[in-house]
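Novice: Sequence plus predicted model, see below.
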Amino acid sequence: MTNVMIIGGGSGMGLALARTLLMDGADVTIAGRSEDRLAAARTELESAGHGKIRTVRADIGREEDVAALFARAGEVEHVAVTAADATGVYGRTPDLPTATARAVLDAKLLGAWLVGKHGAGRVTGSITFTSGINAYRPNGANTIMAAANGALASLARGLAIELAPVRVNVVSPGWVDTPIWEQLGVDKGAAFAELAGRLPARRIGTPDDIAQAFVSVMGNGFITGTVLHVDGGHHLT
Ligand SMILES: NC(=O)c1ccc[n+]([C@@H]2O[C@H](COP(=O)([O-])OP(=O)(O)OC[C@H]3O[C@@H](n4cnc5c(N)ncnc54)[C@H](OP(=O)(O)O)[C@@H]3O)[C@@H](O)[C@H]2O)c1
């Protein structure tokens with residue numbers, strides 16, 4: 001891989017993917033909303049490998065940001081989208097402000113669609129979106145995020161036809177220990193311990209588990225229109 005853009009690459013799974021790709025010698029651009037988060041990631045990644053790291057401030061929910069991101073990048077071999085903001089989404093549907101639901105759809109679903117729209121003609125290899133286990137095993141607490149995640153499978157199938165031969169796929173993680181859990185207001189330690197005990201893999205995921213899945217999907221020229229479940233068997237439970 002030569003040149004990869006990771007939208008949401010300032011932390012968690014996207015950051016782990018950036019580190020892996022830089023170690024393999026790829027040039028990597030990470031994008032996100034917070035300059036501080038990007039700067040911290042850049043400091044960490046600068047010594048991570050042989051490839052060059054670039055950071056760009058962009059909100060995937062804003063069309064002007066996504067358009068500028070691709071216009072500035074020129075040709076990109078692979079794009080991974082790991083961006084999501086789970087602030088305030090954990091709770092029952094009757095209690096969720098509609099503005100919060102719209103914000104989730106704007107960033108997670110329409111944001112991914114904007115990547116297809118503005119990446120068309122610029123991305124040469126693949127686009128990979130990030131879904132999540134809640135699309136396949138709803139837990140009664142974050143239904144709008146689950147809906148957005150589930151819709152990404154259909155979006156990827158549609159874009160895989162429209163943008164061919166560019167490949168478009170989805171990685172669907174199970175529970176992974178990343179900073180997003182700080183936004184959920186749940187007892188992470190207790191939740192992880194309980195789930196790990198009943199998962200076939202007997203453990204919670206790591207950002208590197210998901211980074212490796214992204215690398216596989218990006219690198220395999222015969223995978224397109226597919227959802228890859230990387231969840232320790234959570235979708236079987
Ligand atoms: N961790 C889990 O257990 C889990 C499980 C299933 C699915 N997922 C999914 O996996 C993906 C990666 O999550 P993670 O766990 O790695 O979380 P994370 O560490 O919080 O990373 C998410 C990144 O997305 C960026 N971001 C958020 N909103 C954005 C926006 N509107 N535009 C651009 N960047 C934005 C954040 O940076 P800024 O705030 O600076 O923008 C952050 O760096 C997400 O799609 C999440 O829904 C996670």
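Specialist: Done, it's in.

Novice: which residues of the protein fall in helices?
Specialist: Using DSSP state H, the helices found in the chain span residues 12-23, 35-46, 63-73, 98-104, 111-119, 143-162, 188-198, 207-219.

Novice: Name the stretch among the ones you listed that sits most buried.
Specialist: helix 12-23 (a mean of 24; mean count of other Cβ atoms under 10 Å). The way it works is simple: take the backbone N, C-alpha and C, and place the C-beta from them, glycine included.

Novice: Kindly calculate the angle that that helix makes with helix 207-219.
Specialist: 60 degrees (axes from the mean of the first three to the mean of the last three Cα atoms, to 10 degrees).

Novice: now helix 12-23, how far from the chain's geometric center?
Specialist: 12 Å (Cα atoms, centre = their mean, to the nearest Å).

Novice: same deal with stretch 176-195?
Specialist: 18 Å.

Novice: what residue of the protein is the furthest out?
Specialist: Each residue of the chain has a distance to the centre, and by Cα atoms, centre = their mean the biggest one is for Pro94: 27.2 Å.

Novice: which parts of the protein sit against the ligand?
Specialist: When proximity is defined as Cβ under 6 Å from any ligand atom, the chain approaches the ligand at 7-8, 10-14, 32-34, 37, 58-61, 82-85, 107, 130, 132-133, 173, 175-176, 178-180.

Novice: mind redoing it with 5 Å?
Specialist: Neighbours of the ligand within the chain, by Cβ under 5 Å from any ligand atom: 8, 10-13, 32-34, 37, 59-61, 82-85, 107, 130, 132, 173, 175-176, 178-180.

Novice: Select only the buried ones of those in ChimeraX?
Specialist: Only the buried entries of the residues of the chain next to the ligand go into this ChimeraX selection, using 16 or more other Cβ atoms under 10 Å:
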select :8,10,11,12,13,32,33,37,59,60,61,82,83,84,85,107,130,132,173,175,176,178,180
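
Novice: Filter the residues of the chain next to the ligand down to just the ones in strands.
Specialist: Among the residues of the chain next to the ligand, the members found in strands (DSSP state E) are 32, 130, 173.

Novice: In a markdown table: those residues, plus pLDDT.
Specialist: Listed next are those as a markdown table, based on pLDDT from 0 to 100:
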| residue | pLDDT |
| --- | --- |
| Gly32 | 98 |
| Thr130 | 98 |
| Pro173 | 98 |
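
Novice: on that earlier part again, adding mean pLDDT, write the helices of the chain out as JSON lines.
Specialist: Output for the helices of the chain, formatted as JSON lines (pLDDT from 0 to 100):
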{"stretch": "helix 12-23", "mean pLDDT": "97"}
{"stretch": "helix 35-46", "mean pLDDT": "96"}
{"stretch": "helix 63-73", "mean pLDDT": "97"}
{"stretch": "helix 98-104", "mean pLDDT": "97"}
{"stretch": "helix 111-119", "mean pLDDT": "98"}
{"stretch": "helix 143-162", "mean pLDDT": "98"}
{"stretch": "helix 188-198", "mean pLDDT": "95"}
{"stretch": "helix 207-219", "mean pLDDT": "98"}
